[in-house]
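**Student:** quick one, what's the 3D model for this:
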Amino acid sequence: MTAKARAADLLAWYDRHRRVLPWRANTGERPDPYRVWASEIMLQQTTVTAVKPYYERFMARFPTVKALAEAPSEEVMQAWAGLGYYSRARNLHACAKAVMENHRGRFPDTEEGLRALPGIGAYTAGAVAAIAFDRPAAAVDGNVERVMSRLFAIEDELPGARSVIRERVLALLPHARPGDFAQALMDLGATICTPRNPACGLCPWREPCRARVEGTQESFPRKAPKKAGVTRYGAAFVLTRDDGAILLRTRPEKGLLGGMAEVPTSEWRADYELDGAAQDAPLSLRWQRLPVPVRHVFTHFPLELSVLIGRVAAGTEAPAGMRFTAQARLGEEPLPSLMQKVVEAGLAALRQPPSAP
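**Tutor:** Just a heads-up that it's a prediction; the model follows:
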């Protein structure tokens, strides 16, 4: 008969092997809800390794929810640049304002109260309620999905299996230390119950794990096959003045990369024709197209941007809705990683001496 999984075994393992993370309170310390919440938003669809330096810089810049709420949106987006999924940054800023305006600077301490805030869904509400306030809440992220689906050999496919997984977590949840239990589950998935080659011999739940007993660990969790996104194409225009300034604009607040900075671009479409790119250019001049496009993969589709470069006189004014930014101040612009690649490619080509006739 298979042994029964016990929260006590997981917590004993966690007490010995818990990860040291910049947003995690030390043993005996009271967690800061602001730091817990900010880290959970950053960690959505992003690895711990990638988040750490951004989180530390973000906290240095916005050490309190009040500081974040009062910051200009451009400053928040610039601090977020490079982390991706930029709607998170907009929601983060909106949530901070809501906490200050509607809750006197204090985060609600229940899942229901947290869910009412902008940008906080079921997982984040559960994680913050459990970790910051020690509420008996289920925080089901990708690591937890993997651990629980293996532990109980859950055959349902994700994302449909999440309700079953949540029920299993709640059934195991201890009355004492629910916050530590939530973090222990996350740590177990991140360090032991990994997607490939899980270290089952080191797992505190190796005996009750049904997938381990059956030798099917790496087949869980079950997932519905992903549909491949259709590649989209477009043109990106890197235009500099003779004084070195580069032409930029801000994307609309809503939508992909909302509120971020970019060089002017065409539409991104599967049927985009590069022969007509000049019609999408911000100014009429002789553009030079780089031989190698910039490629980027978003969650739902790959993108291929052809980079066109040009140069104008130092006194040239920016078209309506655009601005020239000195290259020395590009670090102050909220350029997403895609646009950083485009700008780097364009500027590198513009620095090359002209070809001999």
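**Student:** for the stretch 101-250 of the chain, which segments count as helices?
**Tutor:** With DSSP state H, counting those that start in this stretch as the criterion, the stretch 101-250 of the chain has helices at 111-115, 122-133, 142-151, 162-172, 178-191, 210-214.
**Student:** got CSV for the ones you listed, with distance to V36, mean pLDDT and mean neighbour count too?
**Tutor:** Bear in mind the C-beta positions are built from the backbone N, C-alpha and C, glycine included. Below are the helices of the stretch 101-250 of the chain laid out as CSV (distance: least, CB to CB, whole Å; pLDDT from 0 to 100; neighbours: other CB atoms under 10 Å):
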stretch, distance to V36, mean pLDDT, mean neighbour count
helix 111-115, 11, 96, 18
helix 122-133, 4, 96, 25
helix 142-151, 16, 96, 24
helix 162-172, 18, 95, 17
helix 178-191, 9, 97, 22
helix 210-214, 30, 96, 17
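**Student:** out of these, which comes closest to H296?
**Tutor:** helix 142-151 (22.6 Å; CB to CB).
**Student:** for stretch 259-274, buried residues please.
**Tutor:** Of the residues in stretch 259-274, G259, M260, A261, E262, V263, P264, T265, S266, W268, Y272 count as buried by neighbour count, 16 or more other CB atoms under 10 Å.
**Student:** ok, those vs D187, which is closest?
**Tutor:** Among the buried residues of stretch 259-274, M260 lies closest to D187 (CB to CB), at 32.7 Å.
**Student:** that closest one reaches L335, doesn't it?
**Tutor:** Yes. Between M260 and L335 there is a contact under CB atoms under 8 Å: 7.0 Å.
**Student:** what residues are shared contacts of these two?
**Tutor:** Both M260 and L335 are in contact with A81, where contact means CB atoms under 8 Å, 6 or more residues apart in numbering.
**Student:** could the buried residues of stretch 259-274 go into a markdown table alongside pLDDT?
**Tutor:** Formatted as a markdown table, the buried residues of stretch 259-274 follow (pLDDT from 0 to 100):
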| residue | pLDDT |
| --- | --- |
| G259 | 88 |
| M260 | 90 |
| A261 | 93 |
| E262 | 96 |
| V263 | 97 |
| P264 | 97 |
| T265 | 97 |
| S266 | 96 |
| W268 | 96 |
| Y272 | 94 |
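**Student:** now distance to P22 too, for the helices of the stretch 101-250 of the chain, in JSON lines please.
**Tutor:** Formatted as JSON lines, the entries for these read as follows, by distance: least, CB to CB, whole Å:
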{"stretch": "helix 111-115", "distance to P22": "22"}
{"stretch": "helix 122-133", "distance to P22": "14"}
{"stretch": "helix 142-151", "distance to P22": "18"}
{"stretch": "helix 162-172", "distance to P22": "25"}
{"stretch": "helix 178-191", "distance to P22": "14"}
{"stretch": "helix 210-214", "distance to P22": "32"}
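**Student:** for P31, which of these is the nearest?
**Tutor:** Closest to P31 of these, according to CB to CB: helix 122-133, at 4.8 Å.
**Student:** and the angle from the closest one to helix 178-191?
**Tutor:** Relative orientation of helix 122-133 versus helix 178-191 (axes from the mean of the first three to the mean of the last three CA atoms, to 10 degrees): 120 degrees.
**Student:** and helix 122-133, what other elements does it pack with?
**Tutor:** helix 33-43, helix 111-115, helix 178-191 (3 or more CB pairs under 8 Å, 6 or more residues apart in numbering; DSSP states H and E).
**Student:** for the shortest one, C-alpha coordinates in PDB please.
**Tutor:** What it means is helix 111-115. Listed next in PDB are the C-alpha coordinates belonging to helix 111-115 (Å, rounded to 0.1, in the frame of the first residue of the first chain):
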ATOM      1  CA  GLU A 111      -7.700  36.000  -0.900                       C
ATOM      2  CA  GLU A 112     -11.000  37.800  -1.600                       C
ATOM      3  CA  GLY A 113      -9.600  41.200  -0.800                       C
ATOM      4  CA  LEU A 114      -6.400  40.600  -2.800                       C
ATOM      5  CA  ARG A 115      -8.400  39.300  -5.800                       C
END
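**Student:** helices or strands up against it?
**Tutor:** Under the contact definition 3+ CB pairs under 8 Å, 6+ apart, helix 111-115 sits against helix 122-133.
**Student:** what about the helix it packs on, distance to the chain center?
**Tutor:** Remark: helix 122-133 is offset 18 Å from the chain centroid, using CA atoms, centre = their mean, to the nearest Å.
**Student:** likewise stretch 227-243?
**Tutor:** 22 Å.
**Student:** which residues does stretch 113-132 contact?
**Tutor:** So stretch 113-132 is contacted by 31-33, 36-37, 40-41, 44, 87-88, 90-92, 94-95, 98-99, 107-112, 135-141, 178-179, 181-183 (CB under 8 Å, 6+ apart).
**Student:** give me that answer again for 6 Å
**Tutor:** With CB atoms under 6 Å, 6 or more residues apart in numbering as the test, stretch 113-132 has contacts from 31, 33, 36-37, 40, 91, 94-95, 98, 108, 111, 135, 137-139, 141, 178-179, 182.
**Student:** which of those residues count as buried?
**Tutor:** For those, a neighbour count by 16+ other CB under 10 Å gives the buried set as 31, 33, 36-37, 40, 91, 95, 98, 108, 111, 135, 137-139, 141, 178-179, 182.
**Student:** any regions of the stretch 1-150 of the chain where pLDDT drops low?
**Tutor:** For the stretch 1-150 of the chain, the stretches flagged by pLDDT under 70 are 1-2.
**Student:** rerun that using 50 as the cut-off
**Tutor:** Regions of the stretch 1-150 of the chain meeting the criterion pLDDT under 50 cover residues 1.
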